[in-house]
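Enquirer: Curious how this folds, go ahead:
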Amino acid sequence: MWYLCVFYHRLLEYRKVEFESLAGLFNGCSGATTLEWRLPQDHHPDLPFHFVNLPSEEMARNIASRSILVKGIYEIWGEGRSFEELEEAVKSYPDDRKLPYLIPESTFRITVDTFGKAISFHEQNDRIQKLAFIPFKGRVNLRNPAHRFCLMDNADYGDKNGLPPIVQRRIFFGREIGTSDRTILQTYQLKSRKYLGPTAMDAEMAFLMANQAQVKPGKLVFDPFVGTGSILIAAAHFGAMTMGADIDIRVVRDGRGPDCNVWSNFKQYGLPLPISLLRADNNLPPWRAGLKEVFDAIICDPPYGVRAGGRKSGGRKLLKGVIEPYTVPDDKRTDHIPSTAPYCLVECVHDLLDLAARMLVMGGRLVYFYPILREEESSDPTFPEHPCFEMLSTCGQILSFRYSRVLVTMVKVTPYTEEIELAAKLKHLEFKENHVKWLEDGNLHSAVFSPADVQTNGTGDKFSSKPKYRGKYV
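Expert: Model prediction:
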């Protein structure tokens, strides 16, 4: 059945991708899930209104309640360019779909929602009065109604506010199936969290990553760059068992004291504590030989050198062969901080893909961020590949006019073997020979913060030449 999905006007590339991932989660499908979508008449694709074909009302309700970017899902009784067309459409909607919600024993509530333009309470009441042609026989209950209805409008809001253009006004009226609960973003907002680091993932993006990974109760989720645990907190909220690792032992063991560390973040929200937090190097994984296919999902934000650079074990002298490998004496191990060396992104992502190929169960998902320089003449970005994985989606988030990051979602479709390992190394070498120079040299930081190429508008004010409107930059 076709439903109207109304999205929040945020993270536009993520909206349908998150929706389809959740559809696969509730349908028991770990692979690619492709739904049938269509736009309302005369609608720009970046507007929040999209029709989607779903197998059941229960699935629509489950997706809406779990999603971060879905505002609501509705069974549309009618739509039109004016209230006259809307009345004609609602009256022609099948009675067997309407009458169960119009009986005297029911209670109802009607809300008015407009996109791009706020209207007063008086205007909302005027619009509700125009729905008098619908024969509601039940009582109005504003607090706890049995049925909720919504009148939605995208009236012309002008062309100077940065929103997608309106081709033609469209009014929708329908029964609410489900809505999202974005209050969890306030509950988990970073500014109220006890322990934070410079690269802590914001709550909205952490929950989106968990949805992309199809996290659910009973699943084991691993973050090899755990930091202060922001991503694992989102996974634990959805009921998953969590496990993390970081190369900095001070982060995973000490934090800023006994009451300000990764563990205290989980205690703050009453979440189950991680199974374990390891001091581990992504370049030298600690897993014993023969151990594989343990994790249901790996979710992470690898270090790519803007706020924090990647590090691996060894130190410069050890890697150059100036000194031989050594063993730390027992009496000095407690306070010993292992030496580290720079860890370029291309090597980091290769090790991440190899770890995921070995340790993910079949159908498990790998979700990670990958940085992209935004150059005017650049071609479509190329992402590292692995024979064990199928690429499901790539969703960009513009962080500045110089660079953005892409959320990459992959699913494991082939078991890991020695032949696969060899093929993966060849793919890595091929990618390494053709990748952008900053990936290996680790100079993304200098590329991002170098003097910008800007234009002036004749008054001395500087501005970027890149086209943009609100939604692409949030």
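Enquirer: Work out which residue lies at the spatial centre of the protein.
Expert: Leu208 (2.8 Å; C-alpha atoms, centre = their mean).
Enquirer: do you know how far that one is from Tyr8?
Expert: Using C-beta to C-beta, to the nearest Å, we find Leu208 at a distance of 12 Å from Tyr8. For glycine as for every other residue, the C-beta is placed from the backbone atoms N, C-alpha and C.
Enquirer: how close does the residue lying farthest from the centre of the chain sit to Asn53?
Expert: Of all residues in the chain, Asp331 has its C-alpha farthest from the mean position, at 45.1 Å, by C-alpha atoms, centre = their mean. Asp331 is 67 Å from Asn53, where distance means C-beta to C-beta.
Enquirer: Just list the residues touching Asp246, thanks.
Expert: Asp246 makes contact with Phe225, Val226, Gly227, Val252, Leu277, Leu278, Arg279, Ala280 under the criterion C-beta atoms under 8 Å, 6 or more residues apart in numbering.
Enquirer: Now do the fourth one: how many residues are near it, please.
Expert: Residues near Val252, counting by other C-beta atoms under 10 Å, number 24.
Enquirer: That one reaches Met243, doesn't it?
Expert: No: contact criterion C-beta atoms under 8 Å: Val252 and Met243 do not qualify, at 11.2 Å.
Enquirer: where do the contact lists of the two overlap?
Expert: Joint contacts of Val252 and Met243 (C-beta under 8 Å, 6+ apart) are Leu277, Leu278.
Enquirer: circling back to that earlier point, which of the contacts of Asp246 fall within strands?
Expert: Leu277, Leu278, Arg279 (DSSP state E).
Enquirer: so which of those is the most crowded?
Expert: That'd be Leu277 among the ones in strands among the contacts of Asp246, by other C-beta under 10 Å, with 22 neighbours.
Enquirer: what pLDDT does that one get?
Expert: Model confidence at Leu277, given as pLDDT, is 93.
Enquirer: buried set for stretch 363-371?
Expert: Gly364, Arg365, Leu366, Val367, Tyr368, Phe369, Tyr370, Pro371 (16 or more other C-beta atoms under 10 Å).
Enquirer: The residues you listed into CSV, with extra columns for secondary structure, pLDDT and distance to Pro104?
Expert: Shown next, in CSV, are the buried residues of stretch 363-371 (DSSP: H, G, I helix; E, B strand; the rest coil; pLDDT from 0 to 100; distance: C-beta to C-beta, whole Å):
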residue, secondary structure, pLDDT, distance to Pro104
Gly364, strand, 96, 52
Arg365, strand, 97, 49
Leu366, strand, 97, 54
Val367, strand, 97, 50
Tyr368, strand, 96, 55
Phe369, strand, 94, 54
Tyr370, strand, 91, 58
Pro371, strand, 88, 60
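Enquirer: can you give me the helices in the stretch 201-350 of the chain?
Expert: For the stretch 201-350 of the chain, the helices defined by DSSP state H, counting those that start in this stretch cover 203-212, 230-237, 249, 262-268, 315-319, 345-359.
Enquirer: Comparing those helices, which yields the minimum mean pLDDT?
Expert: helix 315-319 (a mean of 66).
Enquirer: Measure how buried Pro342 is and give me the count.
Expert: 14.
Enquirer: residue contacts, it?
Expert: Gly309, Gly310, Arg311, Lys312, Gly442.
Enquirer: And those residues, which is closest to Ala32?
Expert: Gly310 (30.2 Å; C-beta to C-beta).
Enquirer: Got the phi and psi for the closest one?
Expert: With angles defined as degrees, to the nearest 10, Gly310 sits at phi -70, psi 150.
Enquirer: related to what we said a few turns ago, which residues are common contacts for Leu208 and Tyr8?
Expert: Joint contacts of Leu208 and Tyr8 (C-beta under 8 Å, 6+ apart) are Leu69.
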